[in-house]
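Novice: Below is the structure, and that's it, no one-letter string:
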C-alpha cells in the first residue's frame, strides 16, 4: 500500500508541473526518463482499471492527460503489449487518455478528475 500511495503522489506532483507547461524532458531529466513516465503511467492506468482501483486510475490518468498536454502521447507499445501479449484485448482501442476516460465511463467508474 505504501508504494502505491507514494507512486500516486509523485505522479500527481509530476502532473502539476506538466499541467503548468514544464517540458517532460526537463522535468524528468532525459528523453528516456520522460518516455518511462509515459510508459509507467499507461501501465498503471490500465492496471488500475483492471483491478478496479479508482484512485490509481485517477492519478495515472491525470498524469497521462498532463503528459499529452506537453505534446507527448500514451505509450502505445505498452497498450499493445497489455492488449495483445497479456490477453486484455478490451484495451486494444485505447490510444489516448481520452480513450481511457471513455472506457472508464462505459465501465461505470466514477472518476474524480481535476486539473
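Specialist: In hand now; what should we look at? Owing to the predicted nature of the structure, the values given are computational and were not obtained by experimental measurement.
Novice: pLDDT averaged over the helix or strand hosting residue 65 - what is it?
Specialist: Using DSSP states H and E, residue 65 sits within helix 54-69. Averaged across helix 54-69, the pLDDT comes to 95.
Novice: Report all helices and strands that that helix contacts.
Specialist: Of the remaining helices and strands, those touching helix 54-69 by 3 or more CB pairs under 8 Å, 6 or more residues apart in numbering; DSSP states H and E are helix 2-19, helix 31-50, helix 97-106. For glycine as for every other residue, the C-beta is placed from the backbone atoms N, C-alpha and C.
Novice: switch the cut-off to 10 Å
Specialist: The contact analysis (3 or more CB pairs under 10 Å, 6 or more residues apart in numbering; DSSP states H and E) places helix 54-69 against helix 2-19, helix 24-28, helix 31-50, helix 97-106.
Novice: which parts of the second one are buried?
Specialist: Within helix 24-28, the residues scored as buried using 16 or more other CB atoms under 10 Å are 24, 27, 28.
Novice: got the contact list for the nearest residue in space to the last one that is not next to it in sequence?
Specialist: Residue nearest to residue 28 in three dimensions, not counting chain neighbours: residue 34, with 4.5 Å by CB to CB, 6 or more residues apart in numbering. With CB atoms under 10 Å, 6 or more residues apart in numbering as the criterion, the residues that contact residue 34 are 18, 23, 24, 25, 26, 27, 28, 67, 70, 72.
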